[in-house]
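Asker: Fold the stuff below for me.
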Amino acid sequence: MTRVPLRSLIRVFAWTGLTALGGGRSAYFYEAVVVRRAWVKTGEFVQDLTLSQILPGPNFANLAVALGCRLGGWRGGVWALLAVLVPGALALLGLTVLYVRGAFAPGATRFMQGMGATVVGLVLVTTAQLVTASLRGRIAVAVAVAMFVLVGPLGVTTPLAVCLVLPVSLWFNRPSRD
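Answerer: Predicted structure coming up:
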């Protein structure tokens, strides 16, 4: 496991927290810690991303803690969380003050719609990059397709779909008795 100097971890995570957009924020982490710096392998990133999504709380904060702990121990987890949350919280506070004072023009709505499209693109890119690491074998593909069909076309709620598919996935991915 790669240990990263705390100063580097804080710098990278703070920049990620400041620049990351919406649902595509995991793409920023992937770019920062897997592609650019090779601190984490794709498989490790997928494990941490999966963990961050099944735990309660915001996925981005959970992912920061998981990656921070992986890269810098418990101190890395604490500092990673602070580094990703504080810049965004300060930006939100500043924008809220401007919004309440009426400083946003009507054109801001169109700007936000454009940013929404950007986030969708980021999510698609990250998903494409992680598919090969996540979907190994026919069973993994079948589980992914089942979740997609249940939640998408069939409109089953996500918690119910997870309750239906998770036992099957766990059964087929159980450790061997060897």
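Asker: Leu71 touches Val4, doesn't it?
Answerer: Yes: at 4.3 Å, Leu71 and Val4 qualify as touching, with contact defined as Cβ atoms under 8 Å. In short, each C-beta sits where N, CA and C put it, glycine included.
Asker: Give me the more crowded residue out of those two.
Answerer: Between Leu71 and Val4, Leu71 has the larger neighbour count (other Cβ atoms under 10 Å), namely 25 against 20.
Asker: Break this protein into its domains for me.
Answerer: Here the domain parsing of the chain from automatic domain parsing is 6-120, 135-178.
Asker: Out of those domains, which gets nearest to Thr126?
Answerer: Closest of those to Thr126 is domain 6-120, at 3.8 Å (criterion: Cβ to Cβ).
Asker: And what about Leu160, helix, strand or coil?
Answerer: helix (DSSP: H, G, I helix; E, B strand; the rest coil).
Asker: for it, what are its contacts?
Answerer: Applying Cβ atoms under 8 Å, 6 or more residues apart in numbering to Leu160 gives the contacts Leu150.
Asker: centre of the chain versus the lowest-mean-pLDDT helix or strand in the chain, how much separation?
Answerer: Here the helix or strand of the chain ranked lowest by mean pLDDT, DSSP states H and E is helix 108-134, holding a mean of 77. A distance of 12 Å separates the centroid of the chain from that of helix 108-134, by Cα atoms, centre = their mean, to the nearest Å.
Asker: cool, and stretch 161-172?
Answerer: With Cα atoms, centre = their mean, you get 22 Å for stretch 161-172.
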